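**Student:** what's the 3D shape of this:
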Amino acid sequence: MKNGIINVYKEKGYTSHDVVAKLRGILKQKKIGHTGTLDPDAEGVLPVCLGKGTKLCSLLTDKRKTYEAVLHLGIETDTQDISGKILKECPVEVTPSEVEACMAGFLGEQQQIPPMYSALKVQGKKLYELAREGIEIERQPRPVTFYEIKILSMELPFVRFSVTCSKGTYIRTLCHDIGEKLGCMGCMESLLRTQVERFSIEDSLKLSQIEALVQEEKIDEKIVSVEEMFSSYPAYLAQPQFDKMLQNGNPVPCKQNTLQERVRMYTSSGIFIGIYEWNASKQQYKPLTIFCTPQDFQ
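**Tutor:** Got it, this is the predicted structure:
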């Protein structure tokens with residue numbers, strides 16, 4: 001079984017679930033999970049967790065992400081992107097400087113209302129399922145943060161821009177909100193995710209490339225190990241008398257002077273256990289996330 005993270009380039013037309021299903025067939029293993037949904041029409045970076053790496057899914061979902069998008073001014077659709085039903089068309093009479101000023105106003109912390117065509121659940125039902133039934137319900141605004149919004153090119157009514165944002169942000173909704181604020185409406189023409197944490201589009205692999213690497217037995221070179229994901233944390237090699245405690249998932253006492261808040265914990269023989277956090281009141285490292293399995297000790 002493969003363990004770690006693989007940087008997949010999700011192609012247009014695939015859902016994130018499709019990518020996971022196809023990878024299960026290519027890698028011949030069931031334990032696979034993705035790290036945040038990309039719309040079927042969107043493309044780009046989709047880190048996929050394999051084996052022990054599936055414990056990292058929520059961690060990567062929380063990371064900031066970078067996108068390249070094209071805003072199409074003058075059109076409002078029910079899905080907030082160009083694939084939806086057109087609800088309104090307006091003349092685009094704004095100037096480039098007005099567009100720049102408007103988009104700059106979205107920097108920082110914002111309140112964003114999730115679109116009806118989204119996978120968010122309300123009372124056990126996904127919003128897009130309700131939307132397809134013609135039902136629209138009130139959605140509460142959610143806090144999101146735009147760390148950077150940079151215009152790459154502008155040929156009105158089209159504006160191509162890059163945006164780095166927090167988790168749970170809808171770029172479709174950003175496009176809609178910009179158009180609404182400009183008074184001419186707007187929707188998203190296209191979306192490309194270029195970065196999630198350390199995973200960039202330059203290093204991403206299409207499913208066909210992954211399949212070829214599996215056949216060539218070179219796929220391991222492209223999988224980022226769980227240990228590597230936490231390379232910023234120092235390694236801590238436990239003393240031999242604590243090995244059994246680590247195998248059982250217990251905290252480990254420590255009396256060193258130079259302590260780190262979080263460490264990569266290893267047994268005395270170098271078996272990676274997981275990420276441990278310092279508990280000052282008890283003078284011990286306690287497990288935060290354990291990645292080892294009984295098979296690692298055989």
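**Student:** Can you give me every residue that contacts L246?
**Tutor:** Residues near L246 by CB atoms under 8 Å, 6 or more residues apart in numbering: 238, 252, 265, 267, 273. In this view, the C-beta of every residue, glycine as well, is placed from N, C-alpha and C.
**Student:** go on, K286?
**Tutor:** Residues near K286 by CB under 8 Å, 6+ apart: 251, 276-277, 279.
**Student:** try 10 Å
**Tutor:** Neighbouring residues of K286 by CB atoms under 10 Å, 6 or more residues apart in numbering: 249-252, 276-279.
**Student:** Confirm G134 sits in a helix?
**Tutor:** No - read with DSSP: H, G, I helix; E, B strand; the rest coil, G134 is coil and lies in no helix.
**Student:** And for it, the neighbour number?
**Tutor:** 6 (other CB atoms under 10 Å).
**Student:** tell me the phi and psi of it?
**Tutor:** The phi/psi pair for G134 (degrees, to the nearest 10) reads phi 80, psi 20.
**Student:** ok, P143 to K121 distance?
**Tutor:** P143 is 19 Å from K121, where distance means CB to CB, to the nearest Å.
**Student:** same thing with G44?
**Tutor:** G44 sits 25 Å away from K121, taking CB to CB as the criterion.
**Student:** Equivalent analysis for L174, please.
**Tutor:** Using CB to CB, L174 is found at 22 Å from K121.
**Student:** okay, these two: which has more neighbours?
**Tutor:** Neighbours per residue, other CB under 10 Å: of L174 and K121, the larger number sits with L174, 26 against 10.
**Student:** Let me see the contact set for that one.
**Tutor:** L174 neighbours (CB under 10 Å, 6+ apart): 67, 69, 71, 80, 103, 106, 110, 112, 144, 146, 149, 161, 163, 165, 186, 188.
**Student:** And for I86?
**Tutor:** Shown in contact with I86 (CB under 10 Å, 6+ apart): 75-78, 185, 187.
**Student:** mind redoing it with 6 Å?
**Tutor:** Residues in contact with I86, defined by CB atoms under 6 Å, 6 or more residues apart in numbering, are T77.
**Student:** Kindly report the same for I75.
**Tutor:** For I75, the contacting residues are 89, 187, by CB under 6 Å, 6+ apart.
**Student:** can you tell me which of the contacts of L174 are in strands?
**Tutor:** Judged by DSSP state E, the subset of these located in strands is 67, 69, 71, 110, 112, 144, 146, 149, 161, 163, 165, 186, 188.
**Student:** wait, doesn't the third one sit right on D177?
**Tutor:** Same thing as L71. No - L71 lies out of contact with D177 (CB atoms under 6 Å); the separation is 10.4 Å.
**Student:** The two: which has the busier surroundings?
**Tutor:** A side-by-side neighbour count of L71 and D177, using other CB under 10 Å, places L71 first with 26 against 18.
**Student:** where in the stretch 101-250 of the chain is pLDDT low?
**Tutor:** The stretch 101-250 of the chain contains no residues with pLDDT under 70.
**Student:** quick one, strands of it?
**Tutor:** With strands called from DSSP state E, counting those that start in this stretch, the stretch 101-250 of the chain shows them at 108-112, 121-122, 125-126, 142-155, 158-165, 186-196, 199-200, 223-224, 235-237.
**Student:** tell me the angle the fourth one makes with strand 108-112.
**Tutor:** Counting by axes from the mean of the first three to the mean of the last three CA atoms, to 10 degrees, strand 142-155 lies at 100 degrees to strand 108-112.
**Student:** contact partners of strand 142-155?
**Tutor:** Strand 142-155 is contacted from outside by 96, 103, 106-107, 109-110, 112, 160-166, 169, using CB under 6 Å, 6+ apart.
**Student:** Just give me the closest of these to D296.
**Tutor:** Taking CB to CB as the measure, D296 lies nearest S166 of those, at 35.1 Å.
**Student:** who does the closest residue in space to the closest one that isn't next to it in sequence bridge with?
**Tutor:** Excluding the flanking residues, the one nearest S166 by CB to CB, 6 or more residues apart in numbering is T145, at 4.2 Å. Beta-bridge pairing of T145 under DSSP bridges involves E109.
**Student:** distance of T145 from N7?
**Tutor:** Noted for T145: a distance of 24 Å to N7, by CB to CB.
**Student:** the more surrounded of those two?
**Tutor:** Between T145 and N7, counted using other CB under 10 Å, the more crowded position is N7 (21 against 16).
**Student:** For stretch 249-264, C-alpha coordinates in CSV please.
**Tutor:** Output of stretch 249-264 as CSV, limited to C-alpha atoms (Å, rounded to 0.1, in the frame of the first residue of the first chain):
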residue,chain,number,x,y,z
GLY,A,249,0.2,5.3,21.7
ASN,A,250,1.1,6.7,25.1
PRO,A,251,2.7,10.0,26.1
VAL,A,252,6.4,10.0,26.7
PRO,A,253,8.1,11.7,29.7
CYS,A,254,11.0,14.1,28.9
LYS,A,255,13.3,16.2,31.0
GLN,A,256,15.4,17.9,28.3
ASN,A,257,16.1,21.6,28.6
THR,A,258,15.6,22.5,25.0
LEU,A,259,12.1,21.5,24.2
GLN,A,260,10.1,22.0,21.0
GLU,A,261,6.3,22.5,21.1
ARG,A,262,5.8,19.8,18.4
VAL,A,263,8.1,17.1,17.2
ARG,A,264,8.3,14.1,14.8
